[in-house]
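Chemist: Sequence and predicted model, in that order:
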Amino acid sequence: MKLISLNVALPRLAMWRTETVKTGIFKQPVAGPVQLRTLNLDGDRQADLAVHGGPNKAVYAYPSEHYEFWRHELSGEPQLPWGMFGENFTTEGVFENELHIGDRLQIGSAILVVRQPRIPCYKLGVKFRRDDIIARFLRSGCSGFYFSVEQEGTVEAGNSFEFLSRAPEGIRIDEMNRLYAEDKYNVELLNKAIATPALPEDWRDYLRKRLAGAPVES
């Protein structure tokens, strides 16, 4: 398990339909060591802190193995460079069906905690210049995952990930994807998610409403 590309960006303006929007999704690979702090990497920022960033979304990781799926899925797309999905970490050997929320990993001198899947906003459409990418992304299950930073440290491309502890009782990232996009009122998964201590409280509140049978919007 390793980090094959480390990607950062500061917010910039981009055109979407008839509007100008500010977004930090245009990540670019960088070489050499980068300091990872509680809220983000040096040289990286989020544009809309109401829905992006914060301690439970400090680092977004996306498996490099998913890129091959997207090259087939989006056959008209040009070559997809690392960072295309707005990820900070392009990873190798780390997958949604293997990560439990609450798992702790070390990379470089930093310690990370798995917190939640990525639910895309419209800015993924800005990046890809297509309206259908969000629905395709949700259906794919290829969400990637967010980490919080338990211990700040230095990371760089080529570093390996090492599990420090596992949380097998916690819901997995792929199960969260299923619960969000497909099987929204699965009682077993809802209870498992709500009982996962490391899942952010806003997620747990949202899922409690589903468990109570209240209609909710994705």
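Modeler: Ah, there it is.
Chemist: List the buried residues of stretch 106-119.
Modeler: 106-108, 110-119 (16 or more other C-beta atoms under 10 Å). Quick note: C-beta positions are derived from backbone N, CA and C, even for glycine.
Chemist: List the strands paired with the helix or strand bottoming out on mean pLDDT in the chain, with their directions.
Modeler: Across the helices and strands of the chain, mean confidence by mean pLDDT, DSSP states H and E is lowest for strand 12-16: a mean of 83. Taking DSSP bridges as the criterion, strand 12-16 sits next to strand 19-23 (antiparallel) in its sheet.
Chemist: Give the full set of residues in contact with K2.
Modeler: Contact partners of K2, counting by C-beta atoms under 8 Å, 6 or more residues apart in numbering, are T91, E92, G93, G158, N159, S160, F161.
Chemist: circling back to that earlier point, go through the least confident helix or strand of the chain and flag the buried ones.
Modeler: Applying 16+ other C-beta under 10 Å to strand 12-16 flags A14 as buried.
Chemist: hey, C-alpha coordinates of it in PDB?
Modeler: Extracted in PDB, the C-alpha atoms of strand 12-16 (Å, rounded to 0.1, in the frame of the first residue of the first chain):
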ATOM      1  CA  ARG A  12      -9.200  29.100  -8.500                       C
ATOM      2  CA  LEU A  13     -12.000  30.500 -10.600                       C
ATOM      3  CA  ALA A  14     -13.600  28.300 -13.200                       C
ATOM      4  CA  MET A  15     -16.600  28.600 -15.600                       C
ATOM      5  CA  TRP A  16     -19.600  26.300 -15.100                       C
END
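Chemist: I would like the residues contacting it, please.
Modeler: Taking C-beta under 8 Å, 6+ apart as the rule, strand 12-16 contacts T20, V21, K22, T23, G24, F26, Y122, K123, G125, V126.
Chemist: just to revisit the earlier point, which among the buried residues of stretch 106-119 gets closest to D183?
Modeler: Using C-beta to C-beta, P117 is the member of the buried residues of stretch 106-119 that lies nearest D183, at 14.2 Å.
Chemist: Appreciated, that's everything.
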